[in-house]
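1. return atomic coordinates for the entry below.
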Amino acid sequence: MKKLLRLIAVSTVLTCLLGAASGEPKEGAQYIRLAKPVTGVDARQVVEVFWYDCPHSYQLEKPLDDWAARQKPPVKVLRIPAVWTDQPEMVAYARLYYTLDRLGLAQQEAIPVFHAVRDRHQNLTTEKNTLKWAAKQGLDMEAVRTAYESKEVTDAVQAAPALRERYQVVEEPTVVVGGRLRTSPFQAGSSAETIRVLDHLYRTAAAH
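-> Presented below is the predicted three-dimensional model:
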């Protein structure tokens, strides 16, 4: 009888733990509500603030893309490169992102950039190194050069810090839904949990 009671007790504890793990994400724990919601954005807008030299951004890239592609209709994630003006490397990688974005290649080349920076430890913070990398990727070097040096890309880079601040992001990667709700691997616990929380926030927003 004692053995049976112990088994029942263990089963009960496991059931509670599994229930908690599979329950809805909790506000204040796995996600937070922005103190000042971003105005003028769609309730289902999904924003990711990331950095090419961030391991967690790298880990989140493919799961986030896969999640976005599974939605009906597919979700277009608005990527914002994380920039603090006193961090030259962040500024440089923002220029790389906006260069690729201007050429319509940002999503296609995201994993290759992460691979180069994080796995191969390549420094892509200069125009010379960027062009060298672009050549190896088979990209049009002249098009990359023109975009890299363009006023449009320069303006986007200069606007990036204010854009990050608008979404009240203090770490990368961070995902914001509807300009109101924010989560990250640090809040959710992992990249996989970030996607689970994002899915909940997105579906809640969609329901309203």
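
2. output the below-cut-off pLDDT ranges for the protein.
-> 1-22, 208 (pLDDT under 70).

3. that one: helices as residue ranges?
-> 2-22, 55-70, 88-102, 110-114, 127-136, 141-148, 151-166, 185-188, 191-207 (DSSP state H).

4. for residue 48, find the nearest of these.
-> The closest of these to residue 48 is helix 55-70. By C-beta to C-beta, the value is 6.2 Å. Quick note: C-beta positions are derived from backbone N, CA and C, even for glycine.

5. give me the residues contacting that closest one.
-> Defining contact as C-beta atoms under 8 Å, 6 or more residues apart in numbering, one finds that helix 55-70 is touched by 46, 48, 50-51, 74-77, 107, 110-111, 114, 118, 172-173, 175, 185-186, 191-192, 194-195, 198-199.

6. cool, stretch 180-196 as well?
-> 25, 29-34, 37-38, 43, 56, 59-60, 63-64, 67, 167-169, 171-177, 197-198, 201, 205.

7. give the burial count for the closest residue to residue 169 other than its chain neighbours, as a bare number.
-> Computed as C-beta to C-beta, 6 or more residues apart in numbering, the closest residue to residue 169 that is not its neighbour in sequence is residue 49, at 4.4 Å. Using other C-beta atoms under 10 Å, residue 49 is surrounded by 26 other residues.

8. could you measure from residue 53 over to residue 93?
-> 6 Å (C-beta to C-beta, to the nearest Å).

9. so for these two, which sits in the more crowded spot?
-> The neighbour comparison of residue 53 against residue 93 (other C-beta under 10 Å) goes to residue 93, with 25 against 20.

10. for that one, which non-adjacent residue is closest in space?
-> Residue 93's closest residue in space is residue 52 (C-beta to C-beta, 6+ apart), at 4.4 Å.

11. picking up where we left off before, which residues are common contacts for residue 53 and residue 93?
-> Joint contacts of residue 53 and residue 93 (C-beta under 8 Å, 6+ apart) are residue 117.

12. ok, the residue nearest the centre of the chain - contacts?
-> Closest residue to the average C-alpha location of the chain: residue 48 at 3.6 Å, with C-alpha atoms, centre = their mean. If a contact means C-beta under 8 Å, 6+ apart, then residue 48 has 60, 64, 77-80, 173-176 as its contacts.

13. is it in a bridge, and if so with what?
-> Beta-bridge partners recorded for residue 48 (DSSP bridges): residue 79, residue 175.

14. and the gap between it and residue 153?
-> 19 Å.

15. before we move on, what about residue 132?
-> 18 Å.

16. of these two, who's got more company?
-> residue 153 (22 against 14).
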